[in-house]
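Undergrad: Okay, here's the prediction I keep looking at, along with the sequence it came from:
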Amino acid sequence: MATAVRQGGVRLTQYAHGGGCACKIPPGELEEVVAALAGRGPAGGGAAELLVGLDSGDDAAVVRLPGAAGSPALIATADFFTPVVDDPYDWGRIAAANALSDVYAMGGVPLMAVNLLGWPREVLPFELAREVLRGGLDVATEADCHVAGGHSVDDPEPKYGMAVTGMADPDRLLRNDTGRPGMPLSLTKPLGVGVLNNRHKTTGEEFPHAVASMVALNRDASAAALAAGAVCATDITGFGLLGHLYKLARASGVTAVIDASSVPWLDGAPESARAGFVSGGTRRNLAWVTPSTDFGSVPELTRLLLADAQTSGGLLVACEVPGAPVIGQLVARQEHHIVVR
């Protein structure tokens, strides 16, 4: 594996305490913070009908626009994080694909995005920031999504992402609270970018196939899920497969059964985990889901990989999606929300 080629000799990952979605606030702590905010809103309901809010911890907020029958639903989301790779252009592409993914995970199409940039202006040259923004713009352009301005702050750590507005048919949303027993579970991207990114941050080794996975839009996967009749989905990002699956199973009132041998991995991911390149975010994910998961005799290494904190991961769809492996199914609620075999 080649040593990374860095623009101007700068390794962006060394300017951040974490990397990508692994730097998220731990899910259990986050839920405690926002618990008292769920169900609150403007008196009289506001100008638009809230279809998806904080209650189920879904991927984005959705409102139905006022007007005649058939009015579209508006999707709003924001996502940003510290550098996950050293190359500024690739980081921009990854962050944009990750932010756009929340819209695709709801069954929508992105319409417009604004940049969110934190930059240590006295430490890192603005030429690198320009490359980050160029990467974001190129991916948004690929998604037929306008980028119109944004907001920036002087920040001790570099951070980049987007706030994205999208649109969907309110009667054909993909939600995380609509899973039912008997639905198969399809995963549209292999897992393992978390351990590969952590290895990259630690050693400088490059993993082009991990970058290719992260910059790939979930647009086609979302369209395929809707065409297959799916109504339930989520995307796999910082809380790992197990964390996002736990939220889906809990919101839907079901148990998810996962066949660990059917889960696809990126080349080098199991070996990197075995070598110890496991992020703190991944370990926190596993600790969060363990009380609600029956792991049986599944080894610790596999548990960590299933909890691996992904950045711009694929969609987990409660439906058979053509071309995507089926890794499990939803069943009637049991003692645990997740069973791994």
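TA: Here it is on my side, so go on.

Undergrad: As a check, name the ranges of all strands in the stretch 51-200 of the chain.
TA: Taking DSSP state E, counting those that start in this stretch as the criterion, the stretch 51-200 of the chain contains strands spanning 61-64, 73-81, 109-119, 146-154, 159-168, 184-187.

Undergrad: and the fifth one, which strands flank it?
TA: It stands for strand 159-168. For strand 159-168, the pairing partners within the sheet under DSSP bridges are strand 73-81 (antiparallel), strand 109-119 (antiparallel).

Undergrad: for this structure, what are the low-confidence residue spans?
TA: Where the chain drops to pLDDT under 70, the residues are 1-8, 18-24, 28, 31, 34-46, 68-69.

Undergrad: helix/strand/coil for the residue nearest the centre of it?
TA: Most central in the chain under CA atoms, centre = their mean is residue 237, positioned 2.8 Å from the mean C-alpha point. Here residue 237 is coil, with the state taken from DSSP: H, G, I helix; E, B strand; the rest coil.

Undergrad: ok so, going back, could I get the strands paired with strand 159-168 as a markdown table with distance to residue 331 and mean neighbour count?
TA: To be clear about C-beta, it is placed using only N, CA and C from the backbone, and glycine gets the same treatment. Supplementary listing: the strands paired with strand 159-168 in a markdown table, determined by distance: least, CB to CB, whole Å; neighbours: other CB atoms under 10 Å:
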| stretch | distance to residue 331 | mean neighbour count |
| --- | --- | --- |
| strand 73-81 | 30 | 21 |
| strand 109-119 | 32 | 20 |
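
Undergrad: right, so of the ones you listed, which gets closest to residue 92?
TA: Proximity to residue 92 (CB to CB) singles out strand 109-119 among those, at 9.2 Å.

Undergrad: can you state the direction angle for that closest one and strand 146-154?
TA: Between the direction of strand 109-119 and that of strand 146-154, the angle (axes from the mean of the first three to the mean of the last three CA atoms, to 10 degrees) works out to 20 degrees.

Undergrad: and the residue nearest to residue 115 when sequence neighbours are not counted, how many neighbours?
TA: Of all residues beyond its chain neighbours, the one nearest residue 115 is residue 150 (3.0 Å), with distances taken as CB to CB, 6 or more residues apart in numbering. The number of residues packed around residue 150, counting by other CB atoms under 10 Å, is 16.

Undergrad: ok, the residue lying closest to residue 332 once chain neighbours are set aside - how many residues close by?
TA: Spatially, and ignoring its direct neighbours in sequence, residue 332 is nearest to residue 181 (4.6 Å; CB to CB, 6+ apart). In terms of burial, residue 181 registers 13 neighbours under the definition other CB under 10 Å.

Undergrad: So residue 181 versus residue 337, what's the distance?
TA: Distance of residue 181 to residue 337, given as CB to CB, to the nearest Å: 13 Å.

Undergrad: now residue 248
TA: With distances defined as CB to CB, the gap from residue 248 to residue 337 amounts to 9 Å.

Undergrad: what secondary structure does residue 32 sit in?
TA: Classification of residue 32 by three-state DSSP places it in helix.

Undergrad: excluding its backbone neighbours, what's nearest residue 243?
TA: Nearest to residue 243 is residue 285, by CB to CB, 6+ apart, at 4.7 Å.

Undergrad: ok, now which ones touch that neighbour?
TA: Contacts were defined as CB atoms under 8 Å, 6 or more residues apart in numbering; by that measure residue 285 touches 26, 27, 238, 239, 240, 242, 243, 307, 308, 309.

Undergrad: Can you mark which positions in stretch 131-141 are buried?
TA: Buried residues in stretch 131-141, defined by neighbour count with 16 or more other CB atoms under 10 Å: 131, 132, 133, 135, 136, 137, 138, 139, 140.

Undergrad: Can you tell me which of those is nearest residue 119?
TA: Proximity of these to residue 119, judged by CB to CB, is greatest for residue 132, which lies at 8.6 Å.

Undergrad: tally of neighbours for the residue lying closest to that closest one once chain neighbours are set aside?
TA: The spatially closest residue to residue 132, leaving aside those adjacent along the chain, is residue 92, at 4.0 Å (CB to CB, 6+ apart). Counted with other CB under 10 Å, residues neighbouring residue 92 total 30.

Undergrad: residues touching residue 92, list them.
TA: For residue 92, the residues meeting the contact criterion (CB under 8 Å, 6+ apart) are 131, 132, 133, 134, 135, 136, 137, 138, 139, 160.

Undergrad: give me that answer again for 6 Å
TA: By CB atoms under 6 Å, 6 or more residues apart in numbering, the contact set of residue 92 is 132, 135, 136.

Undergrad: Now, the residues you listed that are in helices?
TA: Taking DSSP state H as the definition of helices, these contribute 132, 135, 136.
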